[in-house]
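Colleague: Pasting the sequence and the predicted model now:
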Amino acid sequence: MISPRNIVIIGALAAGAIASWYLARTNLRDNGDTPAFDAAQRGYYLKSARILGTGSDGALLYELQAEYAEQQDDDHVSFTDVRINYSPQSDVPWSVNADSATIHADQQRVVLHGHVRAVSSEGFSGNDTEIRTQHLEIDPENYLAETDERVQIRIGARSLTATGMLASLKDNRVQLKSNVSGKFAP
């Protein structure tokens, strides 16, 4: 049989446990601590992502493939291990690879970072062409690629380096901005 004294002790222990639980929950809210993972805050993510970009007429303009894509808090999407190809209808024979890319919701540009490499078998002057840089911004709808960083360009057997570049991928034209040096083989 349980004595009245034991009932009072059990009741006091239960009240103490409930009170400490309540205080711990109140302190978490006051300190602003949040759980480590909140799905509503994180947005979405994709593995083996394939994003299709369309022109102003709604026709397929380009395809962006990435190993991983994730929506960030500040309204942009980040991609890793990126490849961009224009659609065959656009008649732009360039493909672009990069370690990562970012697309902001309020901009048309795709910002590429890390080991950026643009390649075309029908590039500038009709030769195999390769452009390498660490940062490149592409405006897919206007077929423009631009950087203010160091860029290396190989056109057939010729090679150039410069700081900054603006390239029209549709017209196969490039404008180097400064510090241009090159090597031309016969």
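Modeller: Yep, it's here. Residues are numbered from 1 along each chain as shown.
Colleague: pLDDT (mean, whole number) over the helix or strand containing Arg5?
Modeller: Secondary structure from DSSP states H and E places Arg5 in helix 4-31. For helix 4-31, mean pLDDT is 70.
Colleague: cool, and stretch 149-163?
Modeller: 91.
Colleague: which parts of it are buried?
Modeller: By 16 or more other Cβ atoms under 10 Å, the buried positions in stretch 149-163 come out as 151, 153-155, 160, 162. For glycine as for every other residue, the C-beta is placed from the backbone atoms N, C-alpha and C.
Colleague: same question, stretch 95-110
Modeller: 96-98, 100-103, 109-110.
Colleague: now swap in stretch 138-147 and tell me
Modeller: 138, 140, 143-147.
Colleague: how about a markdown table for those residues, with secondary structure and distance to His115 added?
Modeller: Output for those, formatted as a markdown table (DSSP: H, G, I helix; E, B strand; the rest coil; distance: Cβ to Cβ, whole Å):
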| residue | secondary structure | distance to His115 |
| --- | --- | --- |
| Ile138 | strand | 15 |
| Pro140 | coil | 20 |
| Tyr143 | coil | 22 |
| Leu144 | strand | 21 |
| Ala145 | strand | 15 |
| Glu146 | strand | 18 |
| Thr147 | strand | 13 |
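Colleague: quick check, nearest of those to Gly53?
Modeller: Closest approach between the buried residues of stretch 138-147 and Gly53, by Cβ to Cβ: Pro140, at 5.4 Å.
Colleague: Can you show me the strands along this protein?
Modeller: Secondary structure of the chain (DSSP state E): strands located at 45-54, 60-71, 76-86, 94-104, 110-120, 129-139, 144-155, 158-168, 173-183.
Colleague: Quick one: closest of those to Ala15.
Modeller: Of all those, strand 45-54 comes closest under Cβ to Cβ, at 45.1 Å.
Colleague: helices and strands around the closest one, which ones?
Modeller: For strand 45-54, the elements it packs on are strand 60-71, judged by 3 or more Cβ pairs under 8 Å, 6 or more residues apart in numbering; DSSP states H and E.
Colleague: Go ahead and confirm Tyr68 touches Val82.
Modeller: No: if you go by Cβ atoms under 8 Å, Tyr68 and Val82 don't touch, sitting 9.7 Å apart.
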